[in-house]
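>>> Provide a 3D model corresponding to the input given below.
(chains A and B)
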Amino acid sequence: MGHDYNKAKKLVFRGMWLLAAVTLVEVAVSLFGKGHLGINPEGIGFEMFGTFVNPILILVGLALIVLSIYKAYFIIYEFMHMGHEVRGLRMSVLLPVLLLVWAVIAFFQEGNSWEERRSQINDFNQIKVEDVRQAPPSNNGGTK
Amino acid sequence: MAATDELVVLEEEKQEDLWSGGQRPFKASYGKLMMWYFLLSDAFTFAGFLIAYGALRFSSPTWPVPDFVFQTAPFGLHGLPLIFVTFMSFLLILSSVTMVRAVQEGQRYNKRGVIFWMLLTIIGGAGFLGCQAWEWNNLIGTEGMTVWTNPFSAHTEEGTYLKNEDLAAIPALTKKDDGHGGVYFEDARGNHYYEKIDHYGTSFAKDEKLKSFKAGDPYLITYHHGEYQYGAYKDTAGNLKMESYGPKGFGALFFIITGFHGFHVFSGVAFLLIILINVASGLYEKRKNEYEMVEKIGLYWHFVDLVWVFVFLAFYLL
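Numbering: from 1, shown residues only, chains lettered A, B, ... in the order given. Here you go, the predicted structure:
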């Protein structure tokens, strides 16, 4: 018991350093992506399927998301002791969260599509049309 | 062969027994199990908010740049992108660690240990709330961001800020006194044009480096004496223009999501205090269940830290 306790105590403080380090890495990656660490990755990239793709910024975003999910995993499994719970409990709590994967895909896609519609409407509003119709016929008889 | 069959049957009977009542199939008490399911439902609430944030951000042509919006810290520190909020995250991580220690001490029935580590947890949580209060106060009072107004935006074109002298030379503008010792210029439509001076008093228009900007450069409409002072500039074609507000949803999303999280921290601190008093009174010692109440509030507290991971990701990092 005493031995286990000391081991558990050590694990907690190891977790603290781990979470702090991951957070620092995240901030560094984020600042790098925004061009604060010497190099500005903005503007680097290539055209693909009509959109501009910046591989560095995509990697930065992915790294941030993966590191955050790792932090979430660590908090749930180590600090909340999910790793020590029965499989049934684990699954009944964690599996429903997978539904969110679809929510994220669907709603972000929807947001993107609003943006496209909006800029389309904006573009149409800029179009100046010359009136090529003939002069309206003179109003005789008062029909309509 | 027969022996294995028997074992299978035994195993099945055991499984049936497991769910036929009188014991805990998940080997967790009712209270702890319900805390888990409450946290699951709460996770969906936060996910709903954060997904709404993502959808609206995707739907906007521009979005305030986080390292520009969040670059101020107490004691007059400025120009430190994300540093203050990183400190806030550390506070929350630390208070999570002290909470784990409190639960461990509870399992050993070490009352003094539980009290010590819970106190540290409460201090961490209160510290986080204090930092958030400062951040909100700075955003609302100094920088002028509210639920309805978002002065943070980014330029969509190249341009140069105009000095008061430049503005005075434009015949379509009338010079007016702003009532605080400054001036602004009004056009026929009633728009107010100001020389770009930020709330620290630095004039952008008079600074050779600051006066020109590119498309995509972030800016903050100066908020002074309770008024928004829209910086006047001319674009590359020489047209007179003024700064305009950023996407309106940003302020509302920021205050609602960080506010909802802060409310969770606040109620967490309140519950921690109540449970701390009960620990000190010896209530949980008598229950002989390894201080399970401390473990349950611990689950909630870690969840608050967990949510912050994603709020931090959405608002500050990405």
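>>> For the most centrally placed residue in chain B, grab phi and psi.
When Cα atoms, centre = their mean is applied to chain B, the residue found nearest the centroid is residue B:258 (3.8 Å). Backbone torsions for residue B:258, taken as degrees, to the nearest 10, come to phi -70, psi -30.
>>> and if you look at residue B:174?
Per-residue torsions, residue B:174: phi -110, psi 130 (degrees, to the nearest 10).
>>> about what we covered before: would you confirm that the residue nearest to the centre of chain B contacts residue B:133?
No: with contact defined as Cβ atoms under 8 Å, residue B:258 does not count as touching residue B:133 (11.2 Å). All C-beta spots, glycine's among them, are computed from the backbone N, C-alpha and C.
>>> for chain A, what spans make up the strands?
A:46-48, A:51-53 (DSSP state E).
>>> again with the stretch 151-300 of chain B
Applying DSSP state E, counting those that start in this stretch to the stretch 151-300 of chain B gives strands spanning B:152-154, B:159-161, B:174-177, B:183-186, B:192-193, B:212-213, B:218-220, B:222-224, B:227-229, B:232-235, B:240-242.
>>> For chain A, which of these is the nearest?
Nearest to chain A among the strands of the stretch 151-300 of chain B is strand B:218-220 (10.0 Å), distances taken as Cβ to the nearest Cβ.
>>> any idea of the mean pLDDT in that closest one?
Strand B:218-220 comes out with an average pLDDT of 90.
>>> Pairing partners for that strand, with directions?
Strand B:218-220 has these partner strands in its sheet, going by DSSP bridges: strand B:152-154 (antiparallel).
>>> And the contacts of the strand it pairs with?
B:62-65, B:68-69, B:143, B:145, B:216-221, B:243-247, B:250 (Cβ atoms under 8 Å, 6 or more residues apart in numbering or on different chains).
>>> doesn't residue B:302 fall inside a strand?
No: using DSSP: H, G, I helix; E, B strand; the rest coil, the secondary structure at residue B:302 is helix, not a strand.
>>> That one and residue A:75 touch, don't they?
Yes: counting by Cβ under 8 Å, residue B:302 does reach residue A:75; the two are 5.5 Å apart.
>>> Now do the shared contacts for these two.
With contacts taken as Cβ under 8 Å, 6+ apart, residue B:302 and residue A:75 have residue B:96 as neighbours in common.
>>> what's near enough to touch the spatially closest residue to residue A:70 that is not a sequence neighbour?
Leaving out its chain neighbours, the residue that sits closest to residue A:70 by Cβ to Cβ, 6 or more residues apart in numbering or on different chains is residue A:22, at 6.6 Å. Contact analysis of residue A:22 by Cβ under 8 Å, 6+ apart lists A:67, A:70, A:71.
>>> Quick check: residue A:22 vs residue B:308, distance?
Per Cβ to Cβ, to the nearest Å, residue A:22 is found 13 Å from residue B:308.
>>> Right, I'll call it a day here.
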